[in-house]
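1. Below is the structure, and that's it, no one-letter string:
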């Protein structure tokens, strides 16, 4: 069962602003990535359902987070249907993310009091998701959907929508400034955050450093906005 309430999770995603997104078929590597993100001051992470053993790795990763990084809020991404969502929630997923909107998955997550963030590519899809109880809609792929300009245009007629762009977001001042100035509630960071491979391993120090810098950038943006 999830360790955090729906409200706690949603607030953490918005307050933190950054949601690293990753998958690796090795539990040992996955826990190192999680620890590197935790060292970078991150609370919310998305482990994607992109391999045959993904559910099993997630189960062990949630246990590792509970025992070693108890403030980490781990969610599952690339979840296509309610059956898969139910498995991840059973193993402790605190939020569910999908590349598209699925009505039955939204119903299941609402019943379990677990946040559901489906990928949306239009104002109509965002409206339909919110009608199903979605608090944070993902726009995916963020750049191809329309980038920060799409988000800025959306903020006029839909000022209460919470949007998480994923895909094309980079942990740089230019990218983060563009997205958050356009109204992003939080952003998903994938390959731009975890790109460097050393053999079969990753540059964990680089992940931590990028996140610390990104958090510093966000703090500056909030100060300017305030």
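-> Yep, it's here. All values derive from a computational prediction rather than experimental measurement.
2. sec struct for residue 138, please.
-> strand (DSSP: H, G, I helix; E, B strand; the rest coil).
3. So it versus residue 163, what's the distance?
-> 8 Å (C-beta to C-beta, to the nearest Å). Using the backbone N, CA and C atoms, a C-beta is placed for each residue, glycine as well.
4. Could you do residue 115 as well?
-> In terms of C-beta to C-beta, residue 115 sits 14 Å off from residue 163.
5. rewinding a little: please say which of residue 138 and residue 163 ends up with more neighbours.
-> residue 138 (32 against 24; other C-beta atoms under 10 Å).
6. What's opposite that one in the beta bridge?
-> Beta-bridge pairing of residue 138 under DSSP bridges involves residue 119, residue 164.
7. the strands in this protein, which residues?
-> 18-22, 44-48, 73-77, 96-98, 116-120, 136-139, 162-165, 187-189, 197-198, 201-202 (DSSP state E).
8. So what's the residue count around the closest residue to residue 57 other than its chain neighbours?
-> Using C-beta to C-beta, 6 or more residues apart in numbering and skipping the chain neighbours, the partner closest in space to residue 57 is residue 27 (5.1 Å). Per other C-beta under 10 Å, the neighbour tally for residue 27 reads 16.
9. My read is that residue 147 contacts residue 175, right?
-> No - Residue 147 is not in contact with residue 175 according to C-beta atoms under 8 Å; the separation is 10.0 Å.
10. if we can go back for a sec, how much space between the residue nearest to residue 57 and residue 161?
-> 36 Å.
11. Residue 106 now?
-> On the measure of C-beta to C-beta, residue 106 and residue 161 end up 16 Å apart.
12. Please name the residues that touch the residue lying closest to residue 177 once chain neighbours are set aside.
-> Leaving aside its chain neighbours, residue 177 sits nearest to residue 221 (6.3 Å; criterion: C-beta to C-beta, 6+ apart). By C-beta atoms under 8 Å, 6 or more residues apart in numbering, the contact list for residue 221 reads 176-177, 180-181.
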